[in-house]
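Trainee: need a structure here:
(one chain, ligands or ions: 2)
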Amino acid sequence: MLRVGLTGGIASGKSTVAAELARRGAVLVDADALAREVVEPGTPGLDAVVHRFGPEVLDGERLDRAALGRRVFADAEARRDLERIIHPRVRARAAQLEAAADADAVVVHVIPLLVETGQADDFDLCVVVDLEPDTQLRRLRERNGLTAEEARARVEAQASRAERLAAADWVIDNEGSPADLRRQVDTLWSELAAGGAAG
Ligand SMILES: CC(C)(COP(=O)(O)OP(=O)(O)OC[C@H]1O[C@@H](n2cnc3c(N)ncnc32)[C@H](O)[C@@H]1O)[C@@H](O)C(=O)NCCC(=O)NCCS
Ligand SMILES: Nc1ncnc2c1ncn2[C@@H]1O[C@H](COP(=O)(O)OP(=O)(O)OP(=O)(O)O)[C@@H](O)[C@H]1O
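Mentor: Ligands and ions are numbered 1, 2, ... in the order given. Next comes the predicted model:
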């Protein structure tokens with residue numbers, strides 16, 4: 001098994017890269033998807049979130065993610081409390097999924113906060129999706145319909161570009177077109193399929 005950690009700032013293009021790797025045969029373990037799964041209606045994770053943040057973060061029986069996002073991206077202590085609830089549950093599920101993969105699989109863990117949570121050395125290869133801050137803010141605002149201030153708060157809740165690049169064994173530059181991105185994924189996949197790049 002080859003274990004790859006894939007990260008990048010918010011709206012850098014991680015999900016796009018991950019989907020391209022999956023098309024080529026990688027097994028994905030997506031921390032954002034697991035972070036949603038562990039707070040599905042009726043889960044102990046959702047109970048813990050409501051206990052900390054109150055019923056105002058619920059929309060019916062579901063988590064109101066936009067409401068919770070507004071709370072935690074405006075308040076670092078609230079964000080840490082949420083992370084303490086979500087992260088251990090995500091890690092447990094990720095370990096289960098990895099254990100179920102074939103022995104010869106390329107397993108790609110997509111982890112937005114890989115650098116922030118000190119996991120860069122836990123993988124055979126740490127891949128960072130990189131782009132200019134202006135491009136990142138523009139794509140984030142377009143995708144999520146955020147104000148400039150909201151978008152900046154989300155970027156500032158994360159590691160800096162320099163911190164992420166310092167942890168990288170392999171960098172994908174997502175300044176260009178989607179086709180350019182796919183070409184870079186082809187190069188990365190050739191290395192992974194050959195047993196992993198030097199790291
Ligand atoms: C605050 C929440 C409810 C907002 O949900 P929403 O659907 O709007 O966003 P989504 O979950 O798709 O996350 C989008 C992106 O936000 C960034 N982000 C999410 N949580 C955090 C955080 N705690 N710190 C910094 N950036 C974060 C990541 O880049 C992520 O890819 C949600 O992000 C959440 O539960 N966050 C805490 C869990 C966490 O740390 N997740 C990230 C890795 S597991
Ligand atoms: N090369 C590109 N050119 C133009 N738009 C792009 C490119 N790559 C990604 N995007 C767009 O930028 C946005 C962010 O991409 P994506 O969702 O893959 O990022 P992400 O890193 O997974 O985000 P998050 O951290 O929020 O989960 C999306 O709207 C996507 O369609």
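
Trainee: so Leu28 makes contact with Glu20?
Mentor: No - between Leu28 and Glu20 there is no contact under CB atoms under 8 Å: 10.7 Å. To be clear about C-beta, it is placed using only N, CA and C from the backbone, and glycine gets the same treatment.

Trainee: which one's more surrounded, those two?
Mentor: For the pair Leu28 and Glu20, the greater number of neighbours falls to Glu20 (20 against 17), based on other CB atoms under 10 Å.

Trainee: got a list of contacts for the top helix by length along the chain?
Mentor: Taking DSSP state H as the criterion, the chain has its longest helix at helix 76-99. Contact partners of helix 76-99, identified using CB atoms under 8 Å, 6 or more residues apart in numbering, comprise 1, 3, 27, 29, 31, 34-35, 37-39, 45, 48-49, 52-53, 68, 71-73, 107, 109, 113, 117, 157.

Trainee: same check on stretch 48-63?
Mentor: Val39, Pro41, Gly42, Leu46, Asp64, Ala67, Leu68, Arg71, Ala78, Asp81, Leu82, Ile85.

Trainee: Gly42: which element?
Mentor: Counting by DSSP states H and E, no helix or strand carries Gly42.

Trainee: anything in stretch 144-156 near ligand 2?
Mentor: No - with CB under 6 Å from any ligand atom as the threshold, stretch 144-156 lies outside contact range of ligand 2, at a closest distance of 7.7 Å.
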